[in-house]
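Visitor: starting from these lines, generate the structure:
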Amino acid sequence: MANTIKKLTQDTLIYGVGNVITRLVTFLLLPLLTNLLSPKEYGQIALIYVFLGFMNIIYHYGLDAAFMRYYSSLESNDDKKPLFSTSLWLGVLTSTFLSIFLIFSAPQISSFLLGEIIYAHLFRFCAIILFLDSISHVPFALLRLQGRASYFVLIKLFNVLITLLCNIYFVVFKDCGLDGVFISVTIASAFTTFSVLFASLKNIRFKFQNKIVKSLLRFGLPFLPAGLSSIAMESLDRYLLSILINADIVGIYSVGYKLGIFMLLVTTAFQYAWQPFFLSSGNQPESKELFAKIFNYFMVVTAFVWLLITLFLPEIINFKIGEFWLIGPEFHEAQTIVPIILMAYLFQGAYLNFLPGIYFKEKTYYIPIIIGLGALVNLVINLILIPVYGIFGAAFATLIGHGTIAIITFFISRKMFSVPYDWLKILWLITSLFLALLLVYFLNFTVTGRVLGLILFGLGIVIFRVVSIQEIKSLLIK
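Guide: Numbering: from 1, shown residues only. Next comes the predicted model:
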């Protein structure tokens with residue numbers, strides 16, 4: 001079992017290091033954009049990205065998840081290659097029709113979402129970006145299934161490097177403003193798509209099997225409403241803030257969300273490694289104890305990340321080189337919501353841990369119901385809290401929404417595949433976290449007090465046997 005968990009840990013670390021590098025490069029866009037653009041302009045970018053998020057779900061409609069599910073169950077390459085090719089060409093076909101529709105309806109979309117038709121050309125860029133990205137979903141899934149984590153990460157890294165360099169050129173030197181941002185993303189998406197297709201070239205065949213299409217749609221389509229509900233929960237608050245307050249506050253709130261990147265790095269890296277891992281482990285009795293240990297380790301890591309970033313957030317926000325702020329002064333209000341967003345991503349990771357039972361029994365129709373309920377809870381709380389508490393209310397609604405999804409998923413999944421999670425250890429983990437925060441409070445949040453708080457947390461998880469020294473050594477030492 002230790003070797004199996006070590007393999008998951010190694011894959012997660014590869015994806016994690018890659019994500020840290022790529023996200024940090026993306027993070028460099030924050031000082032670039034928050035120092036050059038106004039909160040309103042940054043808010044407009046955020047609203048267009050929300051649109052991209054919604055449409056991205058529609059474009060791939062769970063196709064990559066369905067491909068991974070059936071690919072994992074096949075033994076012969078003679079069966080795997082037709083599955084890959086059919087999945088790829090299905091994605092190309094549907095994304096072509098959708099992008100043509102978006103190009104012709106761009107003026108109406110711009111007027112509806114941003115209140116002005118002058119941004120129609122930006123939505124045409126979105127159509128191209130979505131087309132390119134949708135083609136790359138299945139090839140990227142293949143890289144994950146083949147264990148080619150390093151190649152996967154390398155392509156992602158070049159994507160963000162190109163995005164950053166193009167933003168510097170078009171936004172800083174050419175002063176293209178919002179146009180420069182989306183020109184940069186289009187160029188990076190084109191590079192990524194061609195790179196991942198080249199990596200998958202030997203698996204591509206000009207085959208399209210209707211029987212495979214039916215299986216893919218049956219498994220994947222439930223992810224469409226689930227994905228839309230999820231992105232609604234993640235992003236609808238931007239539109240509500242824009243409507244209920246103003247576009248400036250959307251820019252500030254979006255920066256706070258961006259600072260949640262530190263937890264997102266962990267959950268995204270885990271997701272990339274976890275999905276192919278539990279699918280390959282299968283619906284076996286011995287898998288249950290394995291999954292329980294993985295959940296325990298995941299919670300320890302994410303709790304530490306939450307504590308670390310929360311305690312040292314003032315230093316991150318106020319970091320400055322010369323006259324250039326890491327986060328522009330107009331956006332510093334965003335720090336109030338960061339701990340809440342970090343915790344929301346922690347619950348998102350817990351939800352990922354609880355998914356295996358639903359996958360094993362192919363009951364994916366539960367997923368849109370679960371996420372839909374979470375999105376509904378999120379929407380109601382947003383409508384109640386935003387008029388009173390602004391961005392803090394929106395962030396709290398996000399936390400409650402993710403918590404709702406994780407809890408419901410746990411209770412449904414355990415009926416299909418009951419994993420013996422050690423909740424006593426989780427209780428001791430929470431106790432260690434509380435004691436650390438209490439120490440920091442009594443030491444008046446000094447730097448020394450915050451460092452001691454981190455040390456106390458580490459001691460707590462060992463003393464309370466949440467994780468033993470032997471377990472740590474077995475995972476880190478070859």
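Visitor: let me see the ranges of the strands in the protein.
Guide: 320-321, 324-325 (DSSP state E).
Visitor: can I get those in CSV including mean neighbour count and distance to Ile117?
Guide: C-betas here are computed from N, CA, C, even on glycine. Putting the strands of the chain into CSV (neighbours: other CB atoms under 10 Å; distance: least, CB to CB, whole Å) gives the following:
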stretch, mean neighbour count, distance to Ile117
strand 320-321, 10, 39
strand 324-325, 15, 34
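Visitor: JSON lines for these, including distance to Leu201?
Guide: Listed next are the strands of the chain as JSON lines, based on distance: least, CB to CB, whole Å:
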{"stretch": "strand 320-321", "distance to Leu201": "44"}
{"stretch": "strand 324-325", "distance to Leu201": "43"}
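Visitor: which of those sits closest to Ser235?
Guide: Ser235 sits nearest to strand 324-325 of all the strands of the chain, at 25.8 Å, using CB to CB.
Visitor: pLDDT on the closest one, on average?
Guide: Mean pLDDT, strand 324-325: 72.
Visitor: quick check, Pro339 in contact with Thr310.
Guide: Yes. Pro339 is within contact range of Thr310, at 4.5 Å (criterion: CB atoms under 8 Å).
Visitor: joint contacts of those two?
Guide: Common contact partners of Pro339 and Thr310 (CB atoms under 8 Å, 6 or more residues apart in numbering): none.
Visitor: which of those two has more neighbours?
Guide: Pro339 (21 against 18; other CB atoms under 10 Å).
Visitor: so which of the strands of the chain is nearest Leu454?
Guide: strand 320-321 (24.2 Å).
Visitor: paired strands for that closest one, with orientation please.
Guide: Strand 320-321 has the following strand partners under DSSP bridges: strand 324-325 (antiparallel).
Visitor: for Thr398, give me the pLDDT.
Guide: pLDDT, read off for Thr398, is 92.
Visitor: equivalent analysis for Lys425, please.
Guide: At Lys425, pLDDT is 94.
Visitor: ok, now which ones touch the closest residue to Ile371 other than its chain neighbours?
Guide: Of all residues not flanking Ile371 in the chain, Ser229 sits nearest, at 4.1 Å (CB to CB, 6 or more residues apart in numbering). With contact set as CB under 8 Å, 6+ apart, Ser229 has these partners: 368, 371-372, 374-375.
Visitor: which two from the residues you listed end up farthest apart in space?
Guide: Pro368 and Gly374, at 10.6 Å, using CB to CB across the contacts of Ser229.
Visitor: dihedrals phi and psi, the residue nearest to Leu429 when sequence neighbours are not counted?
Guide: Spatial nearest neighbour of Leu429, excluding adjacent residues (CB to CB, 6+ apart): Val466 at 5.0 Å. Per-residue torsions, Val466: phi -70, psi -40 (degrees, to the nearest 10).
Visitor: was I right to think Val466 contacts Val300?
Guide: Yes. In this structure, Val466 is within contact of Val300 by CB under 8 Å, at 6.1 Å.
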